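Chemist: Need coordinates for the following:
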Amino acid sequence: MRKIIIIAISIILVGGSIFLAKYLINNKKKPKPKTEKIVKTVFTKIVSNTSVPLIITTNGNLVAKNKIEIFSEVQGVLETTSKEFKQGTSYYKGETIIKINSDEFYANLQAQKSNLFNVITAIMPDIRLDYTSEYTKWQTYLQSFDTQKTLQKLPKFSSEKEKFFISGRGINTAYYNVKNLEVKLNKYNLRAPFNGILTESLVNPGTLIRVGQKLGEFINPSVYEIGVSVKSEYRDLLQIGKQVRLHNLEKTKTWTGKVIRINGKVDASTQTIKAFIQVSGKDLKEGQYVEIALQAKAEENAFEISRNLLIENSKLYIVKDSILDLVTVNPVFESEKTVVVKGLADGTILLSKPVPGSHSGMLVKVSTENNKQ
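Modeler: Modelled structure (predicted):
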């Protein structure tokens, strides 16, 4: 009997515990979760439409305006001159850059001069007999004949008969052979056509130079030009003599150049026109990369913004009562980093920096840093 009572009491206790547990679970109050609204802080600027000058930017490499590639027209051994034929060597106008040994050629020239002298001497008796009045001028020519000096011009013919006589004796042919050799002799010494600097050297003294061999490159480092391609729609902005601004990539140095030539042909593949700009100044070097700014017309009642603010090429985010709104604008000009747009009213609050995840209707807070900018 006692055992039955203990079992009954245990069942009652277990059942009461279960009932109490269910009661407590059903009457427990659950706190409502709090959702925090995230309001992003944005940077803005106030639109103020003005007259915006349109600047066309392009770039290219500088090329010396006066530049020659040195090739040999004769053959011989390269000799040493007063200056080394090395890159960076400067020469004044008329100074010898290249000297090629010409001993053998010079000896041949002297032999041809002697041959001409002998041919003229041989016809002097005939001239004295048949052309007495012309004898004196030919005698004077022989007396002034000097094989060490440049050959003088033959005396002028006084008649057709004298001309035929002289030509028939081969004097004209001998004369022009000598003149041809004299011209060729000058090519053994190459002189600087202008003040400049050697930028390329391909041979050394003692080297056997052959006809047509490239020896180096010589430039005038004071004047450069650069060819730039401009869209054909801006062809009216290109005028010979117009000044343009040039600067290095770091934008730490600026130079002023001018348009000197404009190609009359539009490139069919790119629809651009080639213009050539001349520039001179300190710190300019052959092959240097520079950027050029061409001043175009000014666009009235427009506003300039950063390119990364433009959405779908024609839309911008503005702020209205702390809410983002997407508006459509009219881009009228694009440069590498900026866009000039029209269609924004004065006083419009425009995003000045892109906001990740932005969308129309998004709640934002304008940064107080705007007042410090």
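
Chemist: Look at residue 234 and give its secondary structure.
Modeler: helix (DSSP: H, G, I helix; E, B strand; the rest coil).

Chemist: from what I can see residue 41 touches residue 355, true?
Modeler: No. Using Cβ atoms under 8 Å, residue 41 is not in contact with residue 355; the gap is 9.1 Å. Every residue, glycine included, has its C-beta placed from N, CA and C.

Chemist: Output the longest strand belonging to the protein.
Modeler: strand 289-306 (DSSP state E).

Chemist: quick one: which of residue 41 and residue 355 has more around it?
Modeler: residue 355 (15 against 11; other Cβ atoms under 10 Å).

Chemist: OK, contacts around the more buried one?
Modeler: 40, 42, 317, 324, 362, 364 (Cβ atoms under 8 Å, 6 or more residues apart in numbering).

Chemist: swap the cut-off to 10 Å and go again
Modeler: For residue 355, the contacting residues are 40-43, 317, 324, 362, 364, by Cβ atoms under 10 Å, 6 or more residues apart in numbering.

Chemist: Over to residue 103?
Modeler: Neighbouring residues of residue 103 by Cβ under 10 Å, 6+ apart: 76-77, 188.

Chemist: Please check those residues and keep the buried ones.
Modeler: Using 16 or more other Cβ atoms under 10 Å as the burial test, those include 76, 188 as buried.

Chemist: and which of the contacts of residue 103 is nearest residue 121?
Modeler: residue 188 (29.5 Å; Cβ to Cβ).

Chemist: right, and that closest one touches residue 181 too?
Modeler: No. With contact defined as Cβ atoms under 10 Å, residue 188 does not count as touching residue 181 (11.3 Å).

Chemist: can you list residues touching both of these two?
Modeler: Counting by Cβ under 10 Å, 6+ apart, the common neighbours of residue 188 and residue 181 are 105-106.

Chemist: Now list whatever residues contact both of residue 41 and residue 355.
Modeler: Contacts common to residue 41 and residue 355, judged by Cβ under 10 Å, 6+ apart, are residue 364.

Chemist: so who does residue 74 touch?
Modeler: 100-102, 105, 184-188, 190, 209-211.

Chemist: That one sits in which helix or strand?
Modeler: Residue 74 is part of no helix or strand when elements are defined by DSSP states H and E.

Chemist: what's the weakest-modelled helix or strand in the protein?
Modeler: None of the helices or strands of the chain scores lower by mean pLDDT, DSSP states H and E than helix 2-26, at a mean of 67.

Chemist: after that one comes which helix or strand?
Modeler: Next element after helix 2-26 (DSSP H and E): strand 40-42.

Chemist: now that following strand, how far from the centre of its chain.
Modeler: Centroid displacement of strand 40-42 relative to its chain, using Cα atoms, centre = their mean, to the nearest Å, is 43 Å.

Chemist: Partner strands of the following helix or strand past that strand and their direction?
Modeler: Using DSSP H and E, the helix or strand that directly follows strand 40-42 along the chain is strand 44-46. Partners of strand 44-46 in the sheet, by DSSP bridges, are strand 349-351 (antiparallel).

Chemist: And the following helix or strand past the strand it pairs with, what does it pack against?
Modeler: Using DSSP H and E, the helix or strand that follows strand 349-351 in sequence is strand 364-366. Contact analysis of strand 364-366 by 3 or more Cβ pairs under 10 Å, 6 or more residues apart in numbering; DSSP states H and E lists strand 40-42, strand 315-320, strand 349-351 as its packing neighbours.
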